[in-house]
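J.: pasting the structure only:
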């Protein structure tokens, strides 16, 4: 193997990528705007939900209920009339509308069970799903404490001090930003190498390579290092500029150690991309095959759902996927500040899986060239 051939072929791949504006736009979007939007567009917890209250009782209890809704879960409630509820709901101004009936306080103190109507705009699924429980809990708590005549202070024999490590504010955008960077590394490593090989086949430049004094191994390595280099630069920019600087997400561990794991991940995924490109043959077929492979890898690897929540057979099968080990080491390094002495099993697993995928892709690529 001639390293000079690997270098020259790799620089040729970079020049070809520089002329592909669609791919350049995809790379820029995946490591910038995509990271920002995925972290901030859909928070998991209830946040600044719009609520209006119809207070037909005008009592001390209804005033307590009204004042119990405050940021960051709710915006300050709007006091409206019953006739305005439907109009505001139709206009999308409120997610929740709480109607406190007349004589509510009197009926509560008399031991009756008066009903409060809660209208929910279910088109706002992320807030409606959890917000109804929040409102019900707040109202029940205020009514119970008002009836008791004082705030409940039950002395416990043991004091429980709850502290959230690694994310004290429980901010879901921290996890979303890092997960988006990881998914972009996976997706682009797969797409760039596969698209580069198919582009050469469609343009007829593969035949030019066959008459050159280069081997299949040199051609594969040139595509892997060139496309991996682009993804590595993009991931470093996204992590240090977009995530750490613009979004102010603290990174606990070593960024170079994370990038070292990313290199092994790119080696595995670029090899898989070449293998898939030799199977597909055309760009539309490669796109369909990529959907069948990429989506299960991302969903079942632990990026979206904790692996512990999956069936044991799925957890065992996904140990053969590079994504699983990369997500484990990424979360350990970036969130918990783990060192190499903690994540070396994942580094070893990525190296073994990457070597196996490279060997399979090389056998398929040699047959593809013939």
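T.: Cool, the structure landed. As the structure is a prediction and not an experimental result, all values here were calculated from the model. Residues are numbered from 1 along each chain as shown.
J.: and the strand or helix carrying residue 209, average pLDDT?
T.: Taking DSSP states H and E as the criterion, residue 209 maps to helix 205-210. On average, the pLDDT along helix 205-210 is 69.
J.: now swap in stretch 248-263 and tell me
T.: 89.
J.: start and end of that stretch, how far apart?
T.: In stretch 248-263, first residue to last residue: 25 Å (Cα to Cα, to the nearest Å).
J.: quick one on the thing from earlier: flag every buried residue along the helix or strand just after the helix holding residue 209.
T.: Moving toward the C-terminus from helix 205-210, the next helix or strand (DSSP H and E) is helix 216-237. Across helix 216-237, burial judged by 16 or more other Cβ atoms under 10 Å covers 216, 218-228, 230-232, 234-236. Every C-beta, even on glycine, is put in place using the N, C-alpha and C of the backbone.
J.: please apply the same query to stretch 342-353.
T.: Result for stretch 342-353 [16+ other Cβ under 10 Å]: buried residues 343, 346, 347, 349, 350, 353.
J.: go on, stretch 108-122?
T.: Neighbour-count burial for stretch 108-122 [16+ other Cβ under 10 Å]: 108, 114, 116, 119, 120, 121.
J.: surely the second one is within a strand?
T.: Read that as residue 114. No: counting by DSSP: H, G, I helix; E, B strand; the rest coil, residue 114 is not part of a strand but coil.
J.: phi, psi of it?
T.: Per-residue torsions, residue 114: phi -70, psi 150 (degrees, to the nearest 10).
J.: wait, it touches residue 102, no?
T.: No: here residue 114 lies out of contact with residue 102, judged by Cβ atoms under 8 Å, at a distance of 9.5 Å.
J.: and the helices in the stretch 201-350 of the chain?
T.: Assigned helices in the stretch 201-350 of the chain, in chain order: 205-210, 216-237, 255-280, 283-300, 312-317, 322-334, 340-369 (criterion: DSSP state H, counting those that start in this stretch).
J.: on that earlier part again, what's the closest of the buried residues of stretch 342-353 to residue 308?
T.: Using Cβ to Cβ, residue 346 comes nearest to residue 308 of the buried residues of stretch 342-353, at 16.6 Å.
J.: give me the distance between the closest one and residue 268.
T.: Distance of residue 346 to residue 268, given as Cβ to Cβ, to the nearest Å: 12 Å.
J.: quick check: phi and psi on the residue at the greatest distance from the centre of the chain?
T.: The C-alpha centroid of the chain is most remote from residue 110, which lies 50.9 Å away (Cα atoms, centre = their mean). Main-chain dihedrals, residue 110, degrees, to the nearest 10: phi -80, psi 0.
J.: one more: residue 96?
T.: Dihedral angles (degrees, to the nearest 10) for residue 96: phi -130, psi 140.
J.: pretty sure it sits against residue 136.
T.: No: Residue 96 is beyond contact range of residue 136, at 10.6 Å (criterion: Cβ under 8 Å).
J.: neighbour count winner among these two?
T.: residue 96 (24 against 12; other Cβ atoms under 10 Å).
J.: for the more buried one, give me its contacts.
T.: Residue 96 makes contacts with 49, 50, 51, 52, 118, 119, 120, 121, 131, 132, 135, as judged by Cβ atoms under 8 Å, 6 or more residues apart in numbering.
J.: reformat those residues as JSON lines; add secondary structure, distance to residue 63 and pLDDT.
T.: Output for these, formatted as JSON lines (DSSP: H, G, I helix; E, B strand; the rest coil; distance: Cβ to Cβ, whole Å; pLDDT from 0 to 100):
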{"residue": "49", "secondary structure": "strand", "distance to residue 63": "20", "pLDDT": "85"}
{"residue": "50", "secondary structure": "coil", "distance to residue 63": "20", "pLDDT": "88"}
{"residue": "51", "secondary structure": "strand", "distance to residue 63": "15", "pLDDT": "90"}
{"residue": "52", "secondary structure": "strand", "distance to residue 63": "15", "pLDDT": "92"}
{"residue": "118", "secondary structure": "strand", "distance to residue 63": "18", "pLDDT": "89"}
{"residue": "119", "secondary structure": "strand", "distance to residue 63": "21", "pLDDT": "89"}
{"residue": "120", "secondary structure": "strand", "distance to residue 63": "23", "pLDDT": "89"}
{"residue": "121", "secondary structure": "coil", "distance to residue 63": "25", "pLDDT": "86"}
{"residue": "131", "secondary structure": "helix", "distance to residue 63": "22", "pLDDT": "82"}
{"residue": "132", "secondary structure": "helix", "distance to residue 63": "22", "pLDDT": "83"}
{"residue": "135", "secondary structure": "helix", "distance to residue 63": "17", "pLDDT": "88"}
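J.: Serialize those to TSV and add fields for distance to residue 173.
T.: Below are these laid out as TSV (distance: Cβ to Cβ, whole Å):
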residue	distance to residue 173
49	17
50	21
51	23
52	28
118	29
119	30
120	25
121	24
131	19
132	24
135	24
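J.: quick one: which two of those residues are the most distant?
T.: Longest span within the contacts of residue 96, Cβ to Cβ: 52 and 132, 15.0 Å.
J.: who's more crowded, these two?
T.: The residue with more neighbours, out of residue 52 and residue 132, is residue 52; 21 against 16, by other Cβ under 10 Å.
J.: go ahead and confirm the more buried one touches residue 95.
T.: No: in this structure, residue 52 is not within contact of residue 95 by Cβ under 8 Å, at 9.3 Å.
J.: model confidence at residue 353, what's the number?
T.: pLDDT at residue 353 comes out at 95.
J.: roughly how far apart are it and residue 324?
T.: For residue 353 relative to residue 324 (Cβ to Cβ), the value is 9 Å.
J.: so of the helices of the stretch 201-350 of the chain, which one's packed in deepest?
T.: Mean neighbour counts were compared across the helices of the stretch 201-350 of the chain using mean count of other Cβ atoms under 10 Å; the top stretch is helix 322-334, at a mean of 25.
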